[in-house]
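Asker: Here is a sequence together with a model predicted from it:
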Amino acid sequence: MKFTKSLILLFCVMLVVSLSIACNDTEDVSDGDTDNPSDGDEEATDGDTDATEDEQSPDGDDDAEEEFDSTDPVMAVTTTAHLRLVPTIDSHGSECIGFEDNDFCQNPGMLMPDIDIFLDHGLGVWTVEEGEAFSLNEELGFERGEVAEDQRRSLFVWAHMSDVHITDEESPNRMAAFDSKTIPSALRPMDMYSEVVLNSAVKTINAFNASNPIDAVVVSGDMTDNAQFNEMDNFIKIMSGGEVNPDSGDDDDPVEGPNNDPQDIFTAPGLDMPWIIGMGNHDTLILGNWEINEETITQGIGESAITGTRNGETYEVESGYITADADRTPIDHEEMINMFFNDDSLPEGHGLTQDNLDNNRAYYTWDPSEDSIVRFITLDTAFRPQGFEGQGMGSSYVSPVIDLEQYNDFLIPALEQAKADKKLVIIVNHHPSQKLQDDNLPERFITTEQLQNTLKSYSNVLIHCVGHSHENTAWPRVKDDEDGGYFEVQSSSLIDWPQQMRFYELVDNGNDTLSLFTVIVDHQSESQDSMSEYSRMLALIDVQTHWGEGGPGISIERNVEMVFEVPDGFADMVANAEGRKVQALTSWIGEHE
């Protein structure tokens with residue numbers, strides 16, 4: 001294939017720019033308010049004392065005997081408040097920081113499928129240990145007090161996934177040849193397993209829902225890795241159910257036979273409950289960073305991988321001629337929105353409305369039911385309707401923004417309407433609020449401070465669910481001069497270690513306070529030989545060799561009970577809402593009827 005000078009220049013600039021921008025999603029996520037401890041904490045603590053693991057037992061039974069082999073990486077369906085995976089070698093690359101010449105510190109993405117050198121050193125191994133107790137967080141100024149378990153009622157439960165990164169690892173628009181510790185997301189050893197991991201997560205949510213109702217699932221962006229049609233098509237089919245083909249280009253079958261390698265077609269069951277979405281930068285930009293235009297579309301459906309891609313048969317990284325595939329075409333923001341309208345699972349449009357389609361905007365409100373106690377307000381921090389003109393090739397290409405149109409014409413009216421309707425608000429978008437940039441154009445974009453202060457001013461705003469940085473975090477956003485505020489909670493990625501998601505449960509404590517529990521959940525593999533389990537092992541090796549990104553976060557920000565005051569005027573609405581048993585106090589910690 002013949003390339004224009006500008007296209008070749010584009011990929012050269014990609015390499016240079018990537019040294020100074022967040023091509024990876026593991027940037028510093030300090031909230032600017034407090035000095036958080038290192039995210040290297042693999043141990044369970046309650047945030048209050050130096051308690052031992054036994055003292056931390058979530059079910060309060062220090063002598064309980066678990067019915068599992070602690071060396072078996074496969075567990076029954078459970079949360080990390082009951083059982084958790086703990087690497088036998090830390091997951092922060094300390095073995096390879098400063099020791100890059102060690103054989104086991106080579107780039108695992110480049111060595112695939114041969115990973116014996118890492119296994120021989122003991123990488124990619126974990127044990128199953130007892131879970132982490134919920135950390136009680138009353139930093140908004142409201143105390144829960146002592147409440148009897150039978151006094152507490154569950155009002156709403158939802159699951160939160162983020163940064164799924166369904167990846168066509170054979171795409172000519174990939175940059176595998178440029179993978180480095182500066183650009184760790186250019187290549188991953190587990191990139192070809194993204195579909196089976198999402199399918200495993202869906203099955204895990206359904207398994208919980210069978211006995212402990214989950215009312216909705218929200219995905220806060222980066223559903224795809226490269227904004228391609230085939231990536232989003234596979235994402236939707238896994239979420240809604242259908243036949244999924246992870247392969248592209250040649251008909252690859254690395255292991256002869258069906259259902260035994262990540263290129264094989266499989267049938268996904270789909271979620272058993274409604275699911276909604278928010279857009280991420282990887283859903284609207286090439287590799288999450290560069291504008292989709294005529295040249296990148298031509299490259300994406302072409303025959304030459306000039307910046308390196310993965311061979312779907314051998315898993316090796318190669319450059320040069322590949323088999324073209326029209327389904328690899330990058331699709332723009334409007335086409336992405338339209339794909340959700342073409343899906344027939346619930347809810348229609350997955351939160352998006354006809355107005356979103358007509359106006360090419362991806363922010364909206366969604367009520368799970370007519371009498372729902374909660375309302376989701378989904379923002380779009382990844383899309384620039386004004387385009388990139390005048391912004392150059394610098395950090396603007398990955399800058400999350402909220403423009404004045406979205407703020408003034410949508411967010412403020414939506415917040416006012418939720419207050420009038422007596423709805424407790426869940427804000428959803430891809431990027432953490434401290435990542436917002438105005439690009440020195442305050443007449444176009446709002447700042448971090450503006451967004452946070454706005455959300456703090458509405459007492460019915462409880463939680464801001466985000467992703468992007470591939471780490472589990474929880475930040476209280478406290479009002480400056482009085483009690484109150486909200487929490488901003490980030491979920492890690494389903495592709496990078498630790499490949500986890502969050503469940504949330506809103507609880508009425510029966511004493512004019514509310515608790516919002518959040519718990520970390522591992523996707524549950526059907527056997528230790530499953531492909532999703534293999535992917536998790538590769539993800540761990542990727543970070544243990546200091547080539548990958550992602551992290552579990554610190555223990556006090558993983559499993560958390562956040563306390564709120566029932567907003568003024570909401571007491572009757574809360575009291576009259578239908579209640580259920582509290583999962584966080586029972587099934588989430590391994591106690592079943």
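Answerer: Perfect, I can see it now. Numbering: from 1, shown residues only.
Asker: Could you use CA atoms for every contact and neighbour count after this?
Answerer: Noted.
Asker: What about the residue nearest to residue 571 when sequence neighbours are not counted, how many residues nearby?
Answerer: Nearest residue to residue 571 in three dimensions, chain neighbours excluded: residue 512, at 7.1 Å (Cα to Cα, 6 or more residues apart in numbering). Residues near residue 512, counting by other Cα atoms under 10 Å, number 16.
Asker: Is it correct that residue 512 is in contact with residue 565?
Answerer: Yes: between residue 512 and residue 565 there is a contact under Cα atoms under 8 Å: 6.2 Å.
Asker: Which phi and psi values does residue 424 adopt?
Answerer: In terms of degrees, to the nearest 10, the main-chain angles of residue 424 are phi -80, psi 130.
Asker: I'd like the distance between it and residue 486.
Answerer: 11 Å (Cα to Cα, to the nearest Å).
Asker: I'd assumed residue 350 was in a helix, is it?
Answerer: Yes: assessed with DSSP: H, G, I helix; E, B strand; the rest coil, residue 350 lies in a helix.
Asker: So it sits against residue 278, correct?
Answerer: No: when contacts are counted by Cα under 8 Å, residue 350 is not listed as touching residue 278 (9.4 Å).
Asker: Among those two, which residue is more densely surrounded?
Answerer: A side-by-side neighbour count of residue 350 and residue 278, using other Cα under 10 Å, places residue 278 first with 28 against 20.
Asker: could you list every residue that touches the more buried one?
Answerer: Residues in contact with residue 278 (Cα atoms under 8 Å, 6 or more residues apart in numbering) are 218, 219, 220, 221, 362, 363, 378, 379, 380, 428, 429, 430.
Asker: Now, those that are in strands?
Answerer: Among these, the residues falling in strands (DSSP state E) are 218, 219, 220, 378, 428.
Asker: How many residues are close by the first one?
Answerer: Put plainly, it is residue 218. 22.
Asker: tell me the pLDDT at it?
Answerer: Residue 218 carries a pLDDT score of 98 in this model.
Asker: Kindly state the beta-bridge partners for it.
Answerer: For residue 218, the beta-bridge partners are residue 160, residue 276 (DSSP bridges).
Asker: Report the mean confidence score over stretch 177-195.
Answerer: The average pLDDT within stretch 177-195 is 90.
Asker: er, stretch 124-134 actually
Answerer: 95.
Asker: residues of the helix or strand harbouring residue 572 that come out buried?
Answerer: In the assignment (DSSP states H and E), residue 572 maps to helix 571-576. Residues of helix 571-576 classed as buried by neighbour count (16 or more other Cα atoms under 10 Å): 571, 574.
Asker: Sheet partners, orientation included, of the helix or strand hosting residue 86?
Answerer: Using DSSP H and E, residue 86 falls within strand 83-87. Strand pairing for strand 83-87, using DSSP bridges, gives strand 126-130 (antiparallel).
Asker: wait, what's in contact with the residue sitting nearest the centre point of the chain?
Answerer: Nearest to the geometric centre of the chain sits residue 162, at 1.8 Å (Cα atoms, centre = their mean). Going by Cα under 8 Å, 6+ apart, residue 162 touches 219-223, 430, 466-468, 491-494, 501.
Asker: now the helices: where do they sit in the stretch 301-450 of the chain?
Answerer: Assigned by DSSP state H, counting those that start in this stretch, the stretch 301-450 of the chain shows helices spanning 333-341, 354-359, 404, 412-420, 448-456.
Asker: and for the fourth one, what are the contacting residues?
Answerer: Outside of helix 412-420, the residues that reach it under the criterion Cα under 8 Å, 6+ apart are 365, 375, 377, 424, 425, 458, 460.
Asker: what does the second one give?
Answerer: The set of residues external to helix 354-359 that reach it, using Cα under 8 Å, 6+ apart, is 334, 337, 338, 361, 362, 363, 364.
Asker: How about the last one?
Answerer: Around helix 448-456, the neighbours that count as contacts under Cα under 8 Å, 6+ apart are 433, 434, 435, 436, 437, 461, 477, 478, 479, 484, 485, 486.
Asker: Just checking, which of those comes out lowest on pLDDT?
Answerer: residue 437 (84).
Asker: tell me, how many neighbours does that one end up with?
Answerer: When neighbours are counted by other Cα under 10 Å, residue 437 registers 21.
Asker: any idea how far residue 95 is from it?
Answerer: Residue 437 is 36 Å from residue 95, by Cα to Cα.
Asker: what's the longest helix in this protein?
Answerer: helix 194-209 (DSSP state H).
Asker: so how far is that helix off the chain centroid?
Answerer: Distance of helix 194-209 from its chain centroid, counting by Cα atoms, centre = their mean, to the nearest Å, is 14 Å.
Asker: For it, give me every contacting residue.
Answerer: By Cα under 8 Å, 6+ apart, the residues outside helix 194-209 that reach it are 77, 159, 164-167, 214, 234-235, 238-239, 246, 262, 268-272, 494-495, 522-525, 531-532, 535.
Asker: let's see 7 Å
Answerer: 77, 164-167, 238-239, 246, 268, 270-272, 495, 523-525, 531-532 (Cα atoms under 7 Å, 6 or more residues apart in numbering).
Asker: Which of these fall in strands?
Answerer: Residues from the contacts of helix 194-209 lying in strands, with DSSP E as the criterion: residue 268.
Asker: What is the neighbour count of the residue lying closest to residue 272 once chain neighbours are set aside?
Answerer: Spatial nearest neighbour of residue 272, excluding adjacent residues (Cα to Cα, 6+ apart): residue 206 at 6.1 Å. By other Cα under 10 Å, the residues close to residue 206 number 19.
Asker: Of the contacts of helix 448-456, just say which sits nearest to residue 173.
Answerer: Lowest distance from residue 173 to these (Cα to Cα) belongs to residue 435, with 26.1 Å.
Asker: Show the low-confidence segments of the protein, by residue range.
Answerer: Where the chain drops to pLDDT under 70, the residues are 1-76, 386-398, 528, 592-593.
Asker: Surely residue 494 touches residue 167?
Answerer: No: contact criterion Cα atoms under 7 Å: residue 494 and residue 167 do not qualify, at 11.7 Å.
Asker: Kindly provide the distance from the nearest residue to residue 241 once chain neighbours are set aside to residue 293.
Answerer: Leaving aside its sequence neighbours, residue 241 sits nearest to residue 270 (Cα to Cα, 6+ apart; 3.7 Å). The spacing between residue 270 and residue 293, counted by Cα to Cα, is 33 Å.
Asker: likewise residue 216?
Answerer: 35 Å.
Asker: Look at these two and report which has more neighbours.
Answerer: Between residue 216 and residue 293, counted using other Cα under 10 Å, residue 216 has the larger neighbour count: 18 against 14.
Asker: Phi and psi next, for that one.
Answerer: Backbone geometry at residue 216, expressed as degrees, to the nearest 10, gives phi -160, psi 160.
Asker: Just confirm it contacts residue 273, I think it does.
Answerer: Yes: between residue 216 and residue 273 there is a contact under Cα under 7 Å: 5.7 Å.
Asker: ok, now which ones touch residue 462?
Answerer: 424, 425, 426, 486, 487.
Asker: can you confirm the last one is in a strand?
Answerer: Yes: looking at residue 487 with three-state DSSP, it is inside a strand.
Asker: Please tell me how far it sits from residue 283.
Answerer: For residue 487, the distance to residue 283 (Cα to Cα) stands at 26 Å.
Asker: neighbour-wise, which of these two wins?
Answerer: Under the criterion of other Cα under 10 Å, the comparison of residue 487 against residue 283 puts residue 283 first, with 28 against 24.
Asker: Now do the contacts for the closest residue in space to the more buried one that isn't next to it in sequence.
Answerer: Take residue 283 and drop its neighbours on the chain: the residue closest to it by Cα to Cα, 6+ apart is residue 227, 4.6 Å away. Neighbour list for residue 227: 282, 283, 284, 285, 286, 330, 331 [criterion: Cα under 7 Å, 6+ apart].
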